[in-house]
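Novice: Everything below, folded, please.
(chains A and B)
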Amino acid sequence: MSHAIITRKLSHSFAGKQVLNNISFEVQTGEIFGLLGPSGAGKTTLIKLLTGQLRQTDGDAELLGTDTRKLGAPEHRQIGTMMDNFGLYERLSVYDNLLFYADICHVPRGRVTEILKGIRLYESRKTAVSKLSKGMKNRLSLARALMNDAKVLFLDEPTSGLDPATTREIHAILAEQRQKGTTIFLTTHNMFEAESLCDHVALLNGGSIVEYGEPAALCRKYNYLNKLRVTLKDGEVVLLENGSDSAPQIKEYLEQERIAAIHSTEPTLETVFVELTGRGLD
Amino acid sequence: MDMVAAIFKRQIKDTCKNKTIFIQFVMFPVLTLIMNKAVKIDGMPDNFFVNLFATMYVGMAPLTSMAAVIAEEKEKNTLRVLRMSNVKPQEYLLGIGSSIWLVCMLGAAVICAAGSYGLREELAFMAIMAVGNFASLLLGAAIGIWSKTQMMATSITVPVMMVFAFLPMLSMFNATIAKMGKITYSVQIGSMLERIDTLHLGPDNMGIVAANVVVFTALFLIAYRKCGLE
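Specialist: Numbers count the residues shown, from 1 in each chain, chains lettered A, B, ... in the order given. You can find the predicted model right below:
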């Protein structure tokens, strides 16, 4: 199977309000797909539609080759979800939470210890979830999603509000999952996360996809300036044409040892998003 | 049944760590033990406090616990995660309901042990409590399913629980309340417990309890159809 997720003109409205409008994209098996958009753009609704928690009002969606309106036990066993709110049993320990889901998912109990070690929560296994930090709860929630060796992971804002160190840890875990061939569908409003992790991204605004593609390709596509930004050691910034005409000037700076940094002027994903929608991602 | 067993075990663990719920199960059995030993009044019927607290227990513990547990799971999204993990609504309700029912029956056993009963009376006591706890569970489940949050569940449960838990006691003091209260299952449970030594359960007792169960089942189904477990 080449595509884990396919949507065609997917639309959803709720209480007379159009939440998603004509959403079409494909997610290849084994890739990390990022859905970028500000709060209220419809990201969580899209995950709910794709996982069968909601039914679309129009259009089609397929998950692992099955119409999302007909998802049953076999498909649910192949997906793992981590939603924005943790859905953990706060009074139970870390270990008991995972043990419960191991029983629910018919996973051998030994897998709990394996996952706890893998996600670096083994030392806190006896701690009640209510006493964990937000980052630890995020990791536990991710551990639960990984419990059944899912073919597709749906992660809703997996690093939202986390410190950089925990974010890096979660990114490492996701990269490891990709190595194993797991398809990951994540929503985020963190452009760095999308740029560094995702193979493809879709920019969602007001319920519609405004752009879709590889992060680097999108940044290049919207690089209207197409220049080189040379920052000199004295703080001066010089913009040069991105072509052979600029070579003598750069050579001169190099000979004078004046260059602090050279960058292209391609925009970040956030700049692209602002360009396309007139609003930021936060 | 694996799912039901897993939910049952998890709920038992959670109940033991949830002080608010746990106290519901402990309060009346402990009160019964204390009052039964400490208070002796001339002319007081046999097992007065046992019957009184058993009836209040039936009207309070299963109802409030079931409603609170379901509403909390909805509010904290654990129920959504369970549904995503392919747990069927009937498996969830059976797992939660059976665990709360079992804990309620343990409490009932303690209350029963505080009374002075023979073996046959004890069995009858437990059977009556089993039916009463089941009726309360159904009503608690209906309220839990209907409520979106724990706060909403509490605001519905408290007045309902007060009616069912205190009607049997208030019926002792007021004839009008006694007359009106006869249509409730808790008053009938109290009535049956009072006459347990004769082991004679009138058709009116059983009929009214059965009618209550039918009404609660209907409420449960209406709540489930309207709100589901979302």
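Novice: what's the closest non-adjacent residue to residue 178?
Specialist: Picked chain A for this. Among residues not flanking A:Arg178 along the chain, A:Ile32 sits closest, at 5.6 Å (C-beta to C-beta, 6 or more residues apart in numbering or on different chains). C-beta: built from backbone N, CA, C; applies to glycine.
Novice: not what I meant, chain B
Specialist: For B:Ala178, the nearest residue in space outside its immediate sequence neighbours is B:Ser171; the separation is 3.9 Å by C-beta to C-beta, 6+ apart.
Novice: Look up how far chain A lies from the one you found.
Specialist: Look at B:Ser171 and chain A: by C-beta to the nearest C-beta, to the nearest Å, they are 38 Å apart.
Novice: Pretty sure that residue sits against B:Gly181.
Specialist: Yes. Here B:Ser171 lies in contact with B:Gly181, judged by C-beta atoms under 8 Å, at a distance of 4.7 Å.
Novice: hey, what's in contact with both of these two?
Specialist: B:Val187 (C-beta atoms under 8 Å, 6 or more residues apart in numbering or on different chains).
Novice: who's in contact with the residue nearest to B:Ala178?
Specialist: For B:Ser171, the contacting residues are B:177-178, B:181, B:187, B:190, by C-beta under 8 Å, 6+ apart.
Novice: quick check, nearest of the residues you listed to chain A?
Specialist: Closest approach to chain A among these (C-beta to the nearest C-beta): B:Gly190, at 33.8 Å.
Novice: so where's chain A uncertain?
Specialist: Confidence mapping of chain A against pLDDT under 70 gives the ranges A:1, A:279-282.
Novice: which residues in it form strands?
Specialist: Here chain A has its strands, by DSSP state E, at A:3-14, A:17-28, A:32-36, A:58-63, A:66-67, A:79-82, A:152-156, A:183-188, A:200-205, A:208-213, A:227-232, A:237-241, A:259-264.
Novice: The fifth one packs against which elements?
Specialist: Put plainly, it is strand A:66-67. Applying 3 or more C-beta pairs under 8 Å, 6 or more residues apart in numbering or on different chains; DSSP states H and E, one finds that strand A:66-67 makes contact with no other helix or strand.
Novice: Going by the annotation, which residue ranges form each domain of chain A?
Specialist: Domains of chain A are assigned by automatic domain parsing as A:3-78+A:150-219, A:91-144, A:224-265.
Novice: Out of these, the one nearest B:Phe8 is which?
Specialist: Of all the domains of chain A, domain A:91-144 sits nearest to B:Phe8, with 10.4 Å by C-beta to C-beta.
Novice: can the strands of chain A go into TSV with extra columns for mean neighbour count and distance to A:Ala194?
Specialist: Compiled in TSV, the strands of chain A are given as follows (neighbours: other C-beta atoms under 10 Å in any protein chain shown; distance: least, C-beta to C-beta, whole Å):
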stretch	mean neighbour count	distance to A:Ala194
strand A:3-14	18	17
strand A:17-28	18	14
strand A:32-36	26	4
strand A:58-63	19	22
strand A:66-67	14	27
strand A:79-82	26	17
strand A:152-156	23	12
strand A:183-188	25	6
strand A:200-205	24	5
strand A:208-213	18	12
strand A:227-232	16	22
strand A:237-241	14	27
strand A:259-264	13	19
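Novice: mind checking which of those strands is nearest B:Lys74?
Specialist: Among the strands of chain A, strand A:79-82 sits nearest to B:Lys74 (C-beta to C-beta), with 16.9 Å.
Novice: Adjacent strands (with direction) for that closest one?
Specialist: Listed by DSSP bridges, the sheet partners of strand A:79-82 and their directions read strand A:152-156 (parallel).
Novice: Might you report the residue contacts of the nearest residue to A:Glu275 once chain neighbours are set aside?
Specialist: The shortest distance from A:Glu275 to any residue other than its chain neighbours is 5.9 Å, reached at A:Tyr222 (C-beta to C-beta, 6+ apart). Remark: with contacts taken as C-beta under 8 Å, 6+ apart, A:Tyr222 is in contact with A:266-267, A:271-272, A:275.
Novice: Turn the domains of chain A into JSON lines, columns for distance to B:Leu139.
Specialist: Below are the domains of chain A laid out as JSON lines (distance: least, C-beta to C-beta, whole Å):
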{"stretch": "domain A:3-78+A:150-219", "distance to B:Leu139": "28"}
{"stretch": "domain A:91-144", "distance to B:Leu139": "25"}
{"stretch": "domain A:224-265", "distance to B:Leu139": "66"}
